[in-house]
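Engineer: I need the structure of the sequence given here:
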Amino acid sequence: MWNLKGKMQNDKDIELFLKNNENLATRRYNYSDLMKMTNSFSDNLGEGGFASVYKGKLSDGRLVAVKIFKESKGYGEKIINEVASISRTSHVNIVTLLGFCFEGSTRALIYEFMPNGSLEKFIFSKVESQLGWEQLFQIALGIAHGIEYLHQGCNTRILHFDIKPHNILLDKDFNPKMSDFGLARLCPNRSSIVPMPGARGTIGYIAPEIVCRNFGNVSHKSDVYSYGMMILEMAGETKNIEVGIDHSSENYFPDWIYKKLEQSVKLDLNIIVNANEHLRIRKMLIVGLWCIHTDPTARPSMSRVIEMLEGNIESLQIPPKPNFFLQPREALNPSISELALTLSEVHEV
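Structural biologist: Predicted structure coming up:
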């Protein structure tokens, strides 16, 4: 149950953060501004566990997406994380934060509007038109550049911790932009290893070391794992590859891909592609398998990922086969202590 005392402390934390980071915070709007820009919240773009998103328009004509947070435990941390992280960024593959609202019971963030929505609907939906392989590859490459910027290009290293198709937005030209930094962590001293008192992320994309420290330390390589799972799904869940299995079976999708690549079996495609497109698909799959290695030290950096995607397919080797980390597709709340994983034990440091 929502605790009033906890809510008051949450509010004080946000106000203190905004006061101490006035140089980071973008424009502050009030509730009446939100009402005006969203036409009284008439165009709902979507609902999530923590927030609702509405389409709006600024006075200068720019279209925006207004995220209104629901009153739930942890929303204050999410607001602080998003303002603190996105306000430090400026990159073509990172969504732009244009403002925020913190008035009364209203907590909101205002972003640039992305007309093509999230990547998720193009991967999983059966009604949306499929993306072409060249578009899909360029999206994967753009996301890699965005993550590499967070890890290496910012003055303060930023770890996202929730990279998945739902959090990749597409502009009018289908250029990808990373969004939802509610679980992000800042690394002021540019350290790689970060303390993590509890698990965070979305099961199915979350790196094994975040759940069980026996796998290794939590670091920027945890984002690499999430990216790897995502690009494997981009190649597989689009239904352009005839997998013949599903996630509920004992055959794990990455394991199926690994066997096909290892045996040099030509991938069965449901669509007609030319030789160049087929090589790009194979490249994405090999890079994805490198990224999801259970040992974080064996995963490439995002800089190396970009090199592999942009390089020659002949220079790519299939990685040694790891023990794949099996996970169901369920949302993971950072406060949950018991996780529905296939691991028999969870050890915390």
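Engineer: can you give me the helices in the stretch 151-300 of the chain?
Structural biologist: 208-211, 221-236, 253-262, 275-291 (DSSP state H, counting those that start in this stretch).
Engineer: Quick check: mean pLDDT of the longest one?
Structural biologist: Within the predicted structure, the mean pLDDT of helix 275-291 is 87.
Engineer: Which strands or helices does that helix pack on?
Structural biologist: helix 133-148, helix 221-236, helix 253-262, helix 302-310 (3 or more Cβ pairs under 8 Å, 6 or more residues apart in numbering; DSSP states H and E). Quick note: C-beta positions are derived from backbone N, CA and C, even for glycine.
Engineer: try it again with 6 Å
Structural biologist: Counting contacts by 3 or more Cβ pairs under 6 Å, 6 or more residues apart in numbering; DSSP states H and E, helix 275-291 packs against helix 133-148, helix 221-236.
Engineer: same check, this time on the second one
Structural biologist: Under the contact criterion of 3+ Cβ pairs under 6 Å, 6+ apart, helix 221-236 touches helix 133-148, helix 275-291.
Engineer: Which one, of those helices, ends up nearest to residue 184?
Structural biologist: helix 133-148 (11.7 Å; Cβ to Cβ).
Engineer: Would you mind stating the distance between the residue nearest the centre of the chain and residue 315?
Structural biologist: With distances taken as Cα atoms, centre = their mean, residue 163 lies nearest the centre of the chain, 1.9 Å away. Distance, residue 163 to residue 315, by Cβ to Cβ, to the nearest Å: 25 Å.
Engineer: Let me see the ranges of the strands in the stretch 51-200 of the chain.
Structural biologist: 51-57, 63-69, 97-103, 106-112, 157-159, 168-170, 176-178, 185-187 (DSSP state E, counting those that start in this stretch).
Engineer: In CSV: those strands, plus mean neighbour count.
Structural biologist: Compiled in CSV, the strands of the stretch 51-200 of the chain are given as follows (neighbours: other Cβ atoms under 10 Å):
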stretch, mean neighbour count
strand 51-57, 19
strand 63-69, 21
strand 97-103, 20
strand 106-112, 21
strand 157-159, 24
strand 168-170, 24
strand 176-178, 24
strand 185-187, 17
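Engineer: And residue 45, what's its pLDDT?
Structural biologist: 93.
Engineer: Over to it. Which of the three states is it?
Structural biologist: Under DSSP: H, G, I helix; E, B strand; the rest coil, residue 45 falls in the strand class.
Engineer: What number of residues are in the vicinity of it?
Structural biologist: 16 (other Cβ atoms under 10 Å).
Engineer: residues touching it, list them.
Structural biologist: 53, 55 (Cβ atoms under 6 Å, 6 or more residues apart in numbering).
Engineer: ok, so what distance separates it from residue 214?
Structural biologist: For residue 45 relative to residue 214 (Cβ to Cβ), the value is 41 Å.
Engineer: just residue 63 next, same as before
Structural biologist: Taking Cβ to Cβ, one finds residue 63 at 47 Å from residue 214.
Engineer: Next: residue 171.
Structural biologist: 41 Å.
Engineer: Comparing these two, which residue is more hemmed in?
Structural biologist: Neighbour totals were compared for residue 171 and residue 214, and residue 171 leads with 15 against 12 (other Cβ under 10 Å).
Engineer: The more buried one and residue 216: what is the separation?
Structural biologist: 36 Å.
Engineer: How about residue 194?
Structural biologist: Residue 194 is 12 Å from residue 216, by Cβ to Cβ.
Engineer: who's more crowded, those two?
Structural biologist: Between residue 194 and residue 216, counted using other Cβ under 10 Å, the more crowded position is residue 216 (20 against 16).
Engineer: Is that one in contact with residue 209, as I believe?
Structural biologist: Yes. Residue 216 is in contact with residue 209 according to Cβ atoms under 6 Å; the separation is 4.5 Å.
Engineer: residues shared between the contacts of these two?
Structural biologist: What both residue 216 and residue 209 touch, as defined by Cβ under 6 Å, 6+ apart, is the set residue 296.
Engineer: mind checking how far residue 261 is from residue 284?
Structural biologist: From residue 261 to residue 284 the distance is 11 Å (Cβ to Cβ).
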